[in-house]
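In: what's the 3D shape of this:
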Amino acid sequence: MKHEIIRHRHETRRRTLNVAHKEYLTPAMIRVVLQGEDLADFVSLGADDHVKLFLPADDTGQEQRRDYTPRAYDVQARSLTLDFAVHEAGPATRWAIDAQPGDAIEIGGPRGSAVVSPTFDWWLLVGDETALPAIGRRIEDLPKGVEVISVVAVTSPEEHQTFETAANHTAIWAHRPAESADDPAALLAVVRNIALPEGEGFVWIAAETTVARALRDHLLAERGHPREWSKAAGYWRKGEADSHGKLTD
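Out: Reported below is the predicted structural model:
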């Protein structure tokens, strides 16, 4: 069966939404549900899509912008769910911590979606806390019979999450302190010992840029996984603000 990645472009505009609900999923993960009529034509086709949050200006007067994964959305209910990993408190994390029902925020996007065909026998999803929204959405979207292994680095068992899915899901958690989030050792130690399932699979990786690159290089160079059936992204970079992008080198 043919595998493919289909790219879709979406019309983008700013949407003004309001906080409808907020909760702590875990001690370090906040879920915020936004609502508003501006979501009537919202589209997000890929599990790792991202929307842009427009946040209050910093000390220089510059509007702050940050990328977040649409964890779930419901056009009929005009709702959009975003999960915020509480780590170094940047402007988006601070907004989520302080958010109250009724608060307004503007978002933009997604500008596009990369949709992976549902033809793979298995998936390997590897990441840290910042990747959990995309990993959770992917796991829940996968159909019955597909094997999916998730390997996620978090600080403690308190940060584990559960996902409802028809797929055959194996969850593996790697524990490391928050200050070591830019060290690939914990995730590499787990991934090196994973026996990949039979058949053809897709590998998806997202974490701090150095970590994501080390994991990608291991799986492609040492394990021989095809580059075309993998995607690796640096969702953040230690010491830099608003660093987010696919690894191309």
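
In: Going by C-alpha atoms from here, please, whenever you check contacts or count neighbours.
Out: Noted.

In: For residue 147, grab the count of nearby residues.
Out: Applying other CA atoms under 10 Å, we find 22 residues neighbouring residue 147.

In: For this structure, which helix or strand comes out least confident on mean pLDDT?
Out: Scoring the helices and strands of the chain by mean pLDDT, DSSP states H and E places strand 245-246 at the bottom, with a mean of 61.

In: where does the chain have low pLDDT?
Out: 1, 88-89, 239-249 (pLDDT under 70).

In: can you list the domains in it?
Out: Domain segmentation of the chain under automatic domain parsing yields 5-112, 120-246.

In: now for the longest strand seen in the chain, which elements pack on it?
Out: Longest strand in the chain by number of residues (criterion: DSSP state E): strand 14-26. Applying 3 or more CA pairs under 8 Å, 6 or more residues apart in numbering; DSSP states H and E, one finds that strand 14-26 makes contact with strand 29-35, strand 104-108.

In: And the ones you listed: which comes nearest residue 190?
Out: strand 29-35 (22.9 Å; CA to CA).

In: and stretch 202-222, which residues are buried?
Out: Within stretch 202-222, the residues that count as buried by 16 or more other CA atoms under 10 Å are 202-213, 215-216, 219.

In: do the same with stretch 66-78
Out: 66, 67, 68, 69, 70, 71, 72, 73, 75, 78.

In: Please give the element, helix or strand, for the first one.
Out: Okay, so that is residue 66. strand 64-68 (DSSP states H and E).

In: so how far is that strand off the chain centroid?
Out: 13 Å (CA atoms, centre = their mean, to the nearest Å).

In: so what's residue 73 up against?
Out: 79, 80, 81 (CA atoms under 8 Å, 6 or more residues apart in numbering).

In: Narrow those residues to those in strands?
Out: Using DSSP E, these in strands are 79, 80, 81.

In: so the last one sits right up against residue 39, yeah?
Out: No: counting by CA atoms under 8 Å, residue 39 is not a contact partner of residue 81; they are 11.6 Å apart.

In: List the buried residues for the helix or strand where residue 93 lies?
Out: Residue 93 is part of helix 91-98 when elements are defined by DSSP H and E. For helix 91-98, a neighbour-count test (16+ other CA under 10 Å) marks 91, 92, 93, 95, 96, 97 as buried.
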